[in-house]
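J.: My questions are about this predicted structure, shown below with the sequence.
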Amino acid sequence: MPENNICPACQATNTTDLFQAKDHLVSGREFLIRQCTNCGMGWTVDPPSEEEAGKYYASDEYISHTDSKQSLADRLYHLAREFMLGRKGKLVNTAVRKSAGVIIDIGSGTGYFAAFMQKRGWQVTGIELSEKARKYSVERFGIRAIGPQQVMDLPSAYADCITFWHVLEHLYNPEGWMGEVRRILKEDGKCIIALPNFASADAKWFGRMWAALDVPRHLWHFTPAAFRQFAAKQGFACERTSALPLDLFYISLLSYRNNGKALPLARGLLTGAVIALRSLFRSDSASSLVYVLSKKDS
Ligand SMILES: [Zn+2]
């Protein structure tokens, strides 16, 4: 749960209030975004309590971006998903330097990534809070999926890789989760964390309209500097950072659509192209970043 006045990444107490961001998905409510003036970390002020959070996820769109393929946007979304699965798989193989092993996907949702890895010979466990999504992933893909309470039953030094694909920013106790990750990972295991980038070119472009704010579901708005500090405090070294290139276009499209602009797809693609060209060689300004972490010696 965010401590409203203390930076969760660097513990500084000098903060600035940026703007009110709107929940476009469920409630229509506005939430204040506060930023640490020391490290740039942002957070959502006074989010719903963890017990109440469930009702802010009460959108089927959030659970499974549907399997329908009617509109052009839907078809592009499915193409993009296939592309991203391939890219994520490759990121795992490169990070772990193995073509198969034990992988745990935290926040496995409807199971697409877990299923993709299982097909490639990995021994997969998905961890998912939503019972509905968990059930879907087990029935549709035959993966093993468990609830968050069962994480402590996983053996220590068990996994070669643990992934969080756009999940950590949703968690009420990210420190507690990172502690479990340290326990469950093998000594040479890798943790891969994908996050929206609060210091990205598109975050600056859209400001309070930036779709990846996604309040109040996103509690934390990490910048690269803030995330590396956070990871170090949890006992991890950041080995590599890379971009998820398509997220820029998706987030741009959503930012226009959420705010009722006409032709959000066309605008999103165009804005994405402009931003991508402008920040071509500045990887830290990508819309989403993937961090590869290894355990620091303790
Ligand atoms: Zn800070």
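T.: The structure has been received and is ready for your questions. Residues are numbered from 1 along each chain as shown.
J.: drop to CA atoms for contacts and neighbour counts, all remaining ones
T.: Noted.
J.: Quick check: which element contains the residue of the stretch 101-250 of the chain at minimum distance from the ion?
T.: The ion sits closest to residue 226 of the stretch 101-250 of the chain, with a gap of 6.3 Å, by C-alpha to the ion. Assessed by DSSP states H and E, residue 226 sits inside helix 224-233.
J.: What are the buried residues along that helix?
T.: Buried positions in helix 224-233, judged by neighbour count with 16 or more other C-alpha atoms under 10 Å: 224, 226-231.
J.: For that helix, give me every contacting residue.
T.: 8-10, 39-41, 197, 199, 237-238, 284, 293 (C-alpha atoms under 8 Å, 6 or more residues apart in numbering).
J.: Looking at it now, give me its mean pLDDT.
T.: Per-residue pLDDT values over helix 224-233 give a mean of 95.
J.: Quick one: classify the residue located most distally from the centre of the chain as helix, strand or coil.
T.: What lies farthest from the middle of the chain is residue 262; by C-alpha atoms, centre = their mean that is 27.6 Å. Following DSSP: H, G, I helix; E, B strand; the rest coil, residue 262 is assigned to coil.
J.: wait, what's in contact with it?
T.: Per C-alpha under 8 Å, 6+ apart, neighbours of residue 262: residue 256.
J.: What are the boundaries of the helices in the stretch 101-250 of the chain?
T.: 112-119, 131-141, 174-184, 201-206, 224-233, 247-258 (DSSP state H, counting those that start in this stretch).
J.: ok, and for the first one, which residues are buried?
T.: For helix 112-119, the buried set under the neighbour-count rule, 16+ other C-alpha under 10 Å, comprises 112-118.
J.: just the fourth one next, same as before
T.: Counting neighbours by 16+ other C-alpha under 10 Å, one finds that the buried residues in helix 201-206 are 201-203.
J.: In TSV, list these along with distance to residue 171 and pLDDT.
T.: As requested, the buried residues of helix 201-206 are exported to TSV (distance: C-alpha to C-alpha, whole Å; pLDDT from 0 to 100):
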residue	distance to residue 171	pLDDT
201	25	89
202	23	91
203	21	93
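J.: Same list (the residues you listed) but as CSV, adding distance to the ion.
T.: Formatted as CSV, the buried residues of helix 201-206 follow (distance: C-alpha to the ion, whole Å):
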residue, distance to the ion
201, 20
202, 21
203, 18
